[in-house]
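Trainee: this is the structure alone, sequence omitted:
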Ligand SMILES: NC(=O)c1ccc[n+]([C@@H]2O[C@H](COP(=O)([O-])OP(=O)(O)OC[C@H]3O[C@@H](n4cnc5c(N)ncnc54)[C@H](OP(=O)(O)O)[C@@H]3O)[C@@H](O)[C@H]2O)c1
């Protein structure tokens with residue numbers, strides 16, 4: 001819960017203080033709680049662990065708490081977690097499939113898992129003024145990947161929604177940050193890549209990203225009360241992507 005919104009009248013002791021001077025109001029928000037979806041492993045867990053080091057009370061959800069592909073589960077979760085200061089929209093990624101092998105069931109499942117489930121969370125969970133919403137998307141939103149067509153499609157679609165909503169949330173000083181990870185050292189990467197050691201040699205930093213690097217990035221945004229960075233996509237990929245914009 002936001003503990004306080006403090007207003008400082010900086011004009012009171014000003015040497016030129018007169019009636020014409022307008023008071024300057026600075027709101028200081030205190031972030032005390034967070035909901036991290038997909039918080040039981042990988043990137044989500046690293047974010048949860050990092051936030052706990054600055055005394056944020058984190059609900060780190062696993063699939064047992066919420067399955068974002070099941071809209072009834074999303075509704076139930078939102079009813080029991082109706083508001084928060086910090087919301088991290090994160091979930092599991094689809095298995096790689098060639099276009100011709102994707103079934104109607106796959107499309108429907110991941111449409112819910114990566115798109116409708118997150119929309120529903122934003123419709124049902126109130127983020128307190130001065131809060132933060134982080135989306136964990138993927139580098140494939142900008143550089144679509146043949147093996148990850150489902151992921152590219154629905155994550156790009158939700159990124160559009162998130163961008164549009166960032167303007168509305170800005171009215172309540174809520175920052176929306178879309179983190180697009182490149183290859184990060186989690187279970188997901190071990191599942192997607194056969195020979196990780198060999199793959200690492202092909203990367204600009206010759207290594208995968210550490211989940212804690214994303215966790216500490218999120219923490220530093222909150223710890224330093226950075227609010228003006230909103231409506232952005234952060235390419236968190238160790239210089240692996242090739243685009244500028
Ligand atoms: N790692 C990378 O290199 C990389 C790169 C780009 C994008 N991403 C994406 O970033 C997200 C997080 O990646 P990660 O590497 O941390 O994945 P991960 O290690 O596989 O962890 C996935 C997390 O999401 C939860 N989860 C799985 N299916 C879910 C569902 N249907 N509903 C709700 N929660 C679900 C898991 O909960 P349980 O523990 O209960 O299974 C777990 O906490 C994924 O969407 C992934 O595709 C990852």
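Mentor: Received it, and whenever you're ready, just let me know what you need. It should be emphasised that the depicted structure is a prediction, and the values quoted were computed from it without experimental measurement.
Trainee: what's stretch 39-53 in contact with?
Mentor: 34, 36-38, 58-63, 86, 88, 90, 134, 136, 181, 184, 186-188, 210-212, 214-216, 218-219, 222 (C-beta atoms under 8 Å, 6 or more residues apart in numbering). Heads up, the C-betas are built off the backbone N, CA and C, glycines and all.
Trainee: next one: it to chain centre, how far?
Mentor: Distance of stretch 39-53 from its chain centroid, counting by C-alpha atoms, centre = their mean, to the nearest Å, is 12 Å.
Trainee: flag every buried residue along that stretch.
Mentor: 39, 41, 42, 43, 44, 45, 46, 47, 48, 49, 50, 51 (16 or more other C-beta atoms under 10 Å).
Trainee: immediately after the longest helix along the chain, which helix or strand?
Mentor: Determined from DSSP state H, the single longest helix within the chain is helix 149-170. Downstream of helix 149-170, the next assigned helix or strand under DSSP states H and E is strand 175-181.
Trainee: quick one: that next one to helix 149-170, angle?
Mentor: 160 degrees (axes from the mean of the first three to the mean of the last three C-alpha atoms, to 10 degrees).
Trainee: pLDDT of strand 175-181, averaged?
Mentor: For strand 175-181, mean pLDDT is 98.
Trainee: just stretch 155-164 next, same as before
Mentor: Across stretch 155-164, pLDDT averages out at 98.
Trainee: right, is that stretch up against the ligand?
Mentor: No. Between stretch 155-164 and the ligand, judged by C-beta under 6 Å from any ligand atom, nothing touches; the nearest distance is 8.0 Å.
Trainee: so which bits of that stretch are buried?
Mentor: Under the neighbour-count criterion of 16+ other C-beta under 10 Å, stretch 155-164 has 155, 156, 158, 159, 162 buried.
Trainee: work out for me the element the closest residue to residue 177 other than its chain neighbours sits within.
Mentor: Spatially, and ignoring its direct neighbours in sequence, residue 177 is nearest to residue 134 (5.2 Å; C-beta to C-beta, 6 or more residues apart in numbering). Assigned by DSSP H and E, residue 134 belongs to strand 126-136.
Trainee: now swap in residue 107 and tell me
Mentor: helix 104-111.
Trainee: same question, residue 78
Mentor: Going by DSSP H and E, residue 78 is in helix 71-80.
Trainee: where do the helices sit along the protein?
Mentor: So, for the chain - with DSSP H - the helices run 42-52, 71-80, 104-111, 117-124, 149-170, 187-192, 196-201, 211-223.
Trainee: all set now, cheers.
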